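Peer 1: Structure of the sequence below:
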Amino acid sequence: MSTMKKYDAIIIGSGQAGNPLMFNLAKRGQKVAMIEKNELGGACINFGCTPTKTLIASSNFYHRVQRSEELGVITNDVELDFKKVMKRKNNILKAFRNSIKKGVDRNENIDLYYGVASFIDKNTVNIDLNVGGVEKIEADNIYINSGAKPNIIPIDGIENVKYYDSTSIMELDELPEHLVIVGTGYIALEFGQMFKRFGSKVTMIGRGKSIIKREDPDISARVQEILEEDGIELLLNADTKRVEKVGNKINLYIEKDQTEEKVECSHLMLATGRETVTDNLKLENVDVKLDKKGNVQVDDKLKTNVNNIYALGDVKGGPQFTHIAYDDYRIVADNLFGEGNRNINDRLFPFTLFIEPQLGRVGLTETQAKEKGYDIEVAKLEMKHLGRSIEENITRGFMKAVIDKETHKILGVAILGYQGGEIMAMIQIAMMAGMKYEELRDGIFTHPSLSEALNILFDI
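Peer 2: Numbers count the residues shown, from 1 in each chain. Purely as a prediction, here's the structure:
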């Protein structure tokens, strides 16, 4: 009988928490087993940040070239090679994956297993290998980084039609004639504007009265205005009841204002949120607790109720961002090898919605600040009043900051505008430093630049 392999650590999933943890542990001399059921790199590299932003870059450039005459540049016969766009995306993904694989191959302390992991007990994991067969391994500590996947809502007839989610739609080799997206959240908006700019007709269907419902009403309304200016059809207060395939087309039947309407399309995408990947882990074998939504429950240092099992990244619920997953890794590393002071409480996490113009946000919204009882002041600046935006001919959107009247500290910002994510990060740094808004108002920033907007925004 073969002896079961023993490791210091088993990591399930090579996402943006699992990968740096793997290399850190190996660097410290620990023997590490990495189990990955798909491709190295997790969601971010394979079907999240990297591929979507690569495609968005192409769509935005194509859109900008089509509008070049506004800047006095005449271009003729501009064409989109959609297959080449997709090939570029695939080449970038392969390069990123190969970079990780080379790092793994060079490290004698890491063993890589491609397969599906499940718990036997709190120290032992079964691997159903992709190449066939089964491997059982054990370790002192086990780290779950299995991520999340698209949530497919039940719609009558959906099993009879071809539909796409946020992963599969990036494998298209032809541009959709008419793409219908069910959902009006962050993922839906990025894909909707991207395909519209590529040349597809785009219709988006949402159940709520507004889009991106977690944002303040003024932000949501302005984003909706921008998308509609771009030619996207938004059907809100609409519930998708059933779908059917008719020839080469798909018919969706929606209930809107208590009447049924039919929407016909060539391609259907479901962008209705994401759910954590725990279904194959057999967590019941180790009594790891899940919350009502199926997320792995952790303490503030990312340890589950089982002493040697941790959960990092999307699988634990909460904000599903690459930078949050990476910070999860730093928390675990600090508590293993550092001072042990890091935890997930009160993290100031930013995010950027990569539509054009971008929406960068960090901290509290105006609504959240009021709910928490703050006495606030709200500062706003329209991008059309900013010199650099005018010069670049990208003037849509506005900046918004929420300020605590008592302390003069910045509670949160939303920057909907040209390079909104980058401007937001500047203010985030000020928030991290505990600066008062007057310090940004009185700062000397380069002219003409986007940064000098802070002088104007905070002149309240």
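
Peer 1: Could you point out the helix or strand that follows the helix ranked longest in the chain?
Peer 2: In the chain, assigned by DSSP state H, the helix with the most residues is helix 82-105. Using DSSP states H and E, the helix or strand that follows helix 82-105 towards the C-terminus is strand 110-121.

Peer 1: for that following strand, which positions count as buried?
Peer 2: Residues of strand 110-121 classed as buried by neighbour count (16 or more other Cβ atoms under 10 Å): Ile110, Asp111, Leu112, Tyr113, Gly115, Val116, Ala117, Ser118, Phe119. The way it works is simple: take the backbone N, C-alpha and C, and place the C-beta from them, glycine included.

Peer 1: so the second one bridges to which residues?
Peer 2: Legend: beta-bridge partners of Asp111 under DSSP bridges are Ala33.

Peer 1: thinking again about what came up before, from the buried residues of strand 110-121, pick the one nearest Glu79.
Peer 2: Set against Glu79, the nearest of the buried residues of strand 110-121 by Cβ to Cβ is Leu112 (42.0 Å).

Peer 1: Could you verify my assumption that that closest one touches Glu36?
Peer 2: Yes - Leu112 is in contact with Glu36 according to Cβ atoms under 8 Å; the separation is 7.0 Å.

Peer 1: circling back to that earlier point, for the longest helix of the chain, buried residues please.
Peer 2: Judged by neighbour count using 16+ other Cβ under 10 Å, the buried positions of helix 82-105 are Phe82, Val85, Met86, Lys89, Leu93, Phe96, Arg97, Ile100, Val104.

Peer 1: and it, how far from the chain's centre?
Peer 2: Computed by Cα atoms, centre = their mean, to the nearest Å, the chain-centroid distance of helix 82-105 equals 19 Å.

Peer 1: Over to stretch 412-429?
Peer 2: Taking mean C-alpha positions (Cα atoms, centre = their mean), stretch 412-429 and its chain are 17 Å apart.

Peer 1: List the buried residues for that stretch?
Peer 2: 412-421, 423-424, 426-428.

Peer 1: What's the separation between the closest residue to Asn341 other than its chain neighbours and Gly421?
Peer 2: In space, and not counting its chain neighbours, Asn341 is closest to Asp334: 6.8 Å by Cβ to Cβ, 6 or more residues apart in numbering. Noted for Asp334: a distance of 27 Å to Gly421, by Cβ to Cβ, to the nearest Å.

Peer 1: Over to Glu171?
Peer 2: 27 Å.

Peer 1: go on, Gly157?
Peer 2: 39 Å.

Peer 1: Same question for Ala221.
Peer 2: 20 Å.

Peer 1: likewise Asp230?
Peer 2: From Asp230 to Gly421 the distance is 19 Å (Cβ to Cβ).

Peer 1: is it true that Val315 lies in a helix?
Peer 2: Yes - judged by DSSP: H, G, I helix; E, B strand; the rest coil, Val315 forms part of a helix.

Peer 1: Use 805 as the first number for this chain going forward.
Peer 2: Got it, the first residue is 805 from now on, which makes the last one we talked about Val1119.

Peer 1: residues touching the residue nearest the centre of the chain, list them.
Peer 2: When Cα atoms, centre = their mean is applied to the chain, the residue found nearest the centroid is Phe1125 (5.0 Å). Residues near Phe1125 by Cβ atoms under 8 Å, 6 or more residues apart in numbering: Phe1153, Phe1155.

Peer 1: Please tell me I have it right and Glu1226 contacts Gly1164.
Peer 2: Yes - between Glu1226 and Gly1164 there is a contact under Cβ under 8 Å: 7.3 Å.

Peer 1: Tell me the secondary structure at Asp812.
Peer 2: Applying three-state DSSP: Asp812 is strand.

Peer 1: Relative to Gly1117, how far out is the residue nearest to the centre of the chain?
Peer 2: The value you get for Phe1125 to Gly1117, if Cβ to Cβ is used, is 9 Å.
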